[in-house]
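Student: quick one: sequence and predicted model below, then my questions.
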Amino acid sequence: MGIRAGERRDRRDRREPSGPQAWPTTEAEAVALQERLRDAADLTAEGPAPDQVRTVAGVDVAYADGGGLVAAAVTLDAATLDVVEESVHVGRTDFPYVPGLLAFRELPSVTAALDGLAHRPDVIVCDGYGIAHPRRAGLAVHLGVLTGLPCFGVAKTPFLFDFAQPGRERGSFSPLTIEGEEVGRALRTQDGVKPVFVSVGSGIGLEHATALTLRLAPTYRQPETTRRADHLAGRHLAASGQG
DNA sequence: GCGACAG
DNA sequence: ATCTTGTCGC
């Protein structure tokens, strides 16, 4: 039944042998890995400007009861926003949702879905945070390091940072800060709607991540990458019985 | 010490 | 995340 938030489990309780690359199964191991990933992220690259991005992939996960899940990856043409290809992975997770450790719950299945794509996208957009994270190692940092691709996050709700409301017009933004350090932006993608929260993961700077997010969200609050992946995962979960 | 806390 | 109907507005 997996571990629960706040629960510890020592080595001999694991079912999998503990190799050097073993995926963490306890909170302590997960935190230790994040502290190494934080240093492996490329936070200096400007990354591709929107005009240089040909394809961009969105990833998301839909959950059933008991740990069952469907991860989806959808690649879009960055210029037209047409779907180029889709991939789903039906699996499960035993890692619980713990704020700050979301990557350990979602990424194994997300990477499996990405592996199902025939072509590597130029950029990946996550549903969650990058460096706007207590250890600067959110989902997008983790996935960027794992894939070696430019990666950033677009989240829907605030996490652990300070920010002021941006102007009401599409394109307005304000900084997300942690102890005075800028870790992302609250970005208004449509006039008068709640802002989304953009933070880089690895291999792309905040300027390009912001510009690409706006380009990916011409009509709705969330970028089309996230919407497409969200819908694909949900559709597939419903079709596969559970939900 | 007790909450709050991406999805 | 997920559970869920109608409803206000363009």
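Tutor: Cool, got the structure.
Student: who touches A:Thr189 in this structure?
Tutor: A:Arg170, A:Pro195, A:Val196, A:Thr213, A:Leu214, A:Ala217, A:Tyr220, A:Arg221, A:Gln222, A:Pro223 (Cβ atoms under 8 Å, 6 or more residues apart in numbering). All C-beta spots, glycine's among them, are computed from the backbone N, C-alpha and C.
Student: out of these, which are buried?
Tutor: A:Arg170, A:Pro195, A:Val196, A:Thr213, A:Leu214, A:Ala217, A:Arg221, A:Gln222, A:Pro223 (16 or more other Cβ atoms under 10 Å).
Student: of all the residues in chain A, which ones are close to DNA strand B?
Tutor: Proximity of chain A to DNA strand B, by Cβ under 7 Å from any atom of the strand, involves residues A:60-61, A:63, A:97, A:99-103, A:127-129, A:133, A:138-139, A:153, A:155-160.
Student: in helices only, show me those residues.
Tutor: Counting by DSSP state H, the part of the residues of chain A next to DNA strand B found in helices is A:Leu102, A:Ala103, A:Leu139.
Student: surely the second one touches A:Gly144?
Tutor: No. With contact defined as Cβ atoms under 8 Å, A:Ala103 does not reach A:Gly144; the gap is 10.9 Å.
Student: using CSV, lay out the contacts of A:Thr189 together with secondary structure and pLDDT.
Tutor: Shown next, in CSV, are those (DSSP: H, G, I helix; E, B strand; the rest coil; pLDDT from 0 to 100):
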residue, secondary structure, pLDDT
A:Arg170, coil, 95
A:Pro195, coil, 96
A:Val196, strand, 97
A:Thr213, helix, 98
A:Leu214, helix, 97
A:Ala217, coil, 97
A:Tyr220, coil, 95
A:Arg221, coil, 96
A:Gln222, coil, 96
A:Pro223, coil, 97
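Student: quick one: list the elements packing against the longest helix anywhere in chain A.
Tutor: When chain A is parsed with DSSP H, its longest helix is helix A:224-239. The helices and strands touching helix A:224-239, judged by 3 or more Cβ pairs under 8 Å, 6 or more residues apart in numbering; DSSP states H and E, are strand A:55-63, strand A:68-77, strand A:83-92.
Student: is it positioned near DNA strand C?
Tutor: Yes. Helix A:224-239 is in contact with DNA strand C by Cβ under 7 Å from any atom of the strand, via A:Asp230, A:Gly234, A:Leu237.
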